[in-house]
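Trainee: Below are the sequence and a predicted model for it; my questions follow.
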Amino acid sequence: MIIVGLLIGSYLLGAIPFGLLIAKWWVGIDVREHGSGNIGATNVYRVVGKPAGVLVFTLDVLKGFLPPFVAAHFMHTASTWQVLSGLCSIFGHSLSPFLGFKGGKSVATGLGVLFGLSWQTAIACFALWGVLLAITGYVSVSSIIAALASVPFIIVFNPHDTPRLSIAIAGSLLILYRHRSNLKRLREGTETSIRKSKSKGDGKTS
């Protein structure tokens, strides 16, 4: 029962649409009807403003971090249940029952899961994301490459840890898949840079 409760609780925690809730509370809008229509931190940042975007990012990271953190303290086979609880949180964010089984792109929540599983990997991915964003100006490009980089980082920081490597692979592929529209816009040259006006609400990530 504890295990079932952990996994269901992780999924429901991940499913909380903080971007939607904060945008409604902050300025009274449905963020899905503005900008890219995404509920993630980047769209909230561009549509509502920096403080709201930072708050959404923080909460989305926390809802990814808490499930593996809790699992590590209550489960004997910590690594396996940490990974499964983290995966449930990611799926909750991407397939939220509160949003008709739709959701965000799981970048911030995935980062939170990494912090709960391998803080060294999380810091390395976040640092890489920041460098790439400064160079390219594209959140989508930075997010995709940082997510894919989690695989070699896990191998370096957590060698021979199959569960952690598995979620790094699964998470990076999910994020790549969720950014397929961004990749199309990048090919067409219509992807929005973070350096452009926040009113041009296309090409966000979360």
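Mentor: Happy to help now that I have it.

Trainee: can you give me the helices in the protein?
Mentor: Ranges of helices in the chain, per DSSP state H, are 2-15, 18-27, 41-47, 50-74, 78-94, 107-117, 119-136, 139-157, 162-178, 180-188.

Trainee: In the first one, which residues are buried?
Mentor: Along helix 2-15, these residues count as buried under the neighbour rule (16 or more other Cβ atoms under 10 Å): Leu6, Leu7, Gly9, Ser10, Tyr11, Leu12, Leu13, Gly14, Ala15. (Glycine included, C-beta is placed from N, CA and C.)

Trainee: Now tabulate these in CSV and tack on distance to Arg32.
Mentor: Formatted as CSV, the buried residues of helix 2-15 follow (distance: Cβ to Cβ, whole Å):
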residue, distance to Arg32
Leu6, 30
Leu7, 27
Gly9, 25
Ser10, 24
Tyr11, 21
Leu12, 20
Leu13, 21
Gly14, 18
Ala15, 15
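
Trainee: which residue sits closest to the residue positioned nearest the centre of the chain, ignoring its sequence neighbours?
Mentor: The geometric centre of the chain, computed from its C-alpha atoms, lies nearest to Val107 (Cα atoms, centre = their mean), at 2.3 Å. Nearest non-adjacent residue to Val107, counting by Cβ to Cβ, 6 or more residues apart in numbering: Ser143, 4.6 Å away.

Trainee: I figured the one you found hits Leu176, correct?
Mentor: No. Contact criterion Cβ atoms under 8 Å: Ser143 and Leu176 do not qualify, at 9.5 Å.

Trainee: So the two - more neighbours on which side?
Mentor: Ser143 (29 against 17; other Cβ atoms under 10 Å).

Trainee: Lovely, talk soon.
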